[in-house]
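Enquirer: This is the structure alone, sequence omitted:
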């Protein structure tokens, strides 16, 4: 402070007061002003970002505008098939020529024609339609998935468009090549024939598990898979079952001869698990209180180091993974 005083006396610094405080009146109103400013900012974002974004996802306008542009470019015909979509936006934004299609068989027949066809469907109808397309060989492309639950599909891929269908990334005619082989059969339904996990697993980071599955017959709807990482009784990761293929292609639609690539991404906890080697344990859940029984290996041990872990033969170790 003496240094500051000497600089002030020398005229090199202005004689500012030590503390700069607002007067009592304005200071009392400052918190309310800050709250008002925050409220205005929130209202602006709500009105100009959140609401328009939600409305955009719930309105069919964007999908129908996409279809209109493709029609104007000569890539698709003006007629649009409508499979079980009930939305008033179709009358507002849709083409004049909309044909109602009641059943999946009728939709498959409509799209299997040699001429270009397009249709608007619900997202939950895409997997069943894909199965029919795959079985009978007619072309199917997903052109627009912007809407929350509606999809624009066609039997042609117009110039400049990209097929957005995620199902071809999980079902194959040949087994996907993964880092490790294995053989684990659950009754007469499926065999796990390969696996791969982010190696090493680092705590606090994202982990991806991949399983290659050979289909022997369709699994019941709602079947889920366990993919646990265990280190004795002291460390456990990812204990709960999760959806096969993340729900992209339900297991009741799988057919004999299909190969399924199951991907599951999760976060490795930073503190809840220990470093060291963990066993990768696989099981299949049939229902809330019932699991599928392992039929291969028939004994406790099998090919590629598979080890059945419990007396009920519901869970087996297929490999080891290092956790850091």
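Expert: On my side now, so go ahead. Owing to the predicted nature of the structure, the values given are computational and were not obtained by experimental measurement.

Enquirer: Can you check the pLDDT for the nearest residue to residue 200 once chain neighbours are set aside?
Expert: If the residues on either side of it in the chain are set aside, residue 200 comes closest to residue 322, at 4.2 Å by CB to CB, 6 or more residues apart in numbering. In short, each C-beta sits where N, CA and C put it, glycine included. Per-residue confidence at residue 322 stands at 95 (pLDDT).

Enquirer: List of residues touching whichever helix or strand residue 322 is part of?
Expert: Assigned by DSSP states H and E, residue 322 falls within strand 315-323. By CB atoms under 8 Å, 6 or more residues apart in numbering, the residues outside strand 315-323 that reach it are 180, 182, 184, 192, 195, 197, 199-203, 226, 228-229, 231, 235, 237, 268, 273-283, 291, 294, 297, 302, 304-309.

Enquirer: all helices for this structure, in order.
Expert: Applying DSSP state H to the chain gives helices spanning 2-9, 24-45, 51-58, 61-72, 89-93, 104-111, 126-136.

Enquirer: Nearest to residue 162, out of those?
Expert: helix 61-72 (12.2 Å; CB to CB).

Enquirer: Just the buried positions in the closest one, please.
Expert: For helix 61-72, the neighbour count (16 or more other CB atoms under 10 Å) marks 61-64, 66-68, 70-71 as buried.

Enquirer: if we can go back for a sec, where's the strand holding residue 322 relative to the chain centroid, distance-wise?
Expert: 25 Å (CA atoms, centre = their mean, to the nearest Å).

Enquirer: One more: stretch 231-242?
Expert: The answer for stretch 231-242 is 22 Å, by CA atoms, centre = their mean.

Enquirer: what pLDDT, on average, does it get?
Expert: Here the average pLDDT along stretch 231-242 is 89.

Enquirer: Span of that stretch from start to end?
Expert: 21 Å (CA to CA, to the nearest Å).

Enquirer: who's in contact with it?
Expert: With contact meaning CB under 8 Å, 6+ apart, stretch 231-242 is reached by 224-230, 264, 266, 268-269, 272-274, 276-279, 283, 285, 323.

Enquirer: And those residues, which of them are buried?
Expert: If we count by 16+ other CB under 10 Å, the contacts of stretch 231-242 have these buried: 224-230, 264, 268, 273, 278-279, 283, 285, 323.

Enquirer: On the strand side of things, show who the residue nearest to residue 200 bridges to.
Expert: Per DSSP bridges, the residues bridged to residue 322 are residue 277.

Enquirer: swap in residue 228?
Expert: Beta-bridge pairing for residue 228 (DSSP bridges): residue 281.

Enquirer: Hmm, residue 172 is touching residue 258, no?
Expert: Yes: with contact defined as CB atoms under 8 Å, residue 172 reaches residue 258; the gap is 7.5 Å.

Enquirer: what about these two, which has more around it?
Expert: residue 258 (20 against 13; other CB atoms under 10 Å).

Enquirer: wait, what's in contact with that one?
Expert: 171-173, 215.

Enquirer: Whichever of those residues end up buried, select them in PyMOL.
Expert: Listed next is the PyMOL selection for buried residues among the contacts of residue 258, using 16+ other CB under 10 Å:
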select buried, resi 171+215
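
Enquirer: Can you tell me what sits against stretch 200-210?
Expert: With CB under 8 Å, 6+ apart, stretch 200-210 has contacts from 176, 178, 195-198, 227, 229, 261-271, 273, 275, 278, 321-324.

Enquirer: With stretch 113-123 instead?
Expert: For stretch 113-123, the surrounding residues in contact (CB under 8 Å, 6+ apart) are 60, 63-64, 67, 70, 75-77, 79-85, 90, 101, 107, 110-111, 129, 143, 145, 149-156.

Enquirer: what separates the residue nearest to the spatial centre of the chain from residue 1, distance-wise?
Expert: What sits nearest the mean C-alpha location of the chain, by CA atoms, centre = their mean, is residue 246, with 6.0 Å. Counting by CB to CB, to the nearest Å, the separation of residue 246 from residue 1 is 66 Å.

Enquirer: Check residue 133 too.
Expert: 83 Å.

Enquirer: Settle it for me: which of the two has more neighbours?
Expert: More crowded of residue 133 and residue 1, by other CB under 10 Å: residue 133, with 21 against 6.

Enquirer: Which pLDDT does the model give that one?
Expert: 97.

Enquirer: what residues are up against the closest residue to it other than its chain neighbours?
Expert: In this structure, residue 133 finds its nearest non-sequential neighbour in residue 140, 4.0 Å apart by CB to CB, 6+ apart. Residue 140 makes contacts with 111, 129-130, 133, 153, 155, 165, as judged by CB under 8 Å, 6+ apart.

Enquirer: quick one: residue 140 from residue 8, how far?
Expert: Relative to residue 8, and taking CB to CB, residue 140 is found at 82 Å.
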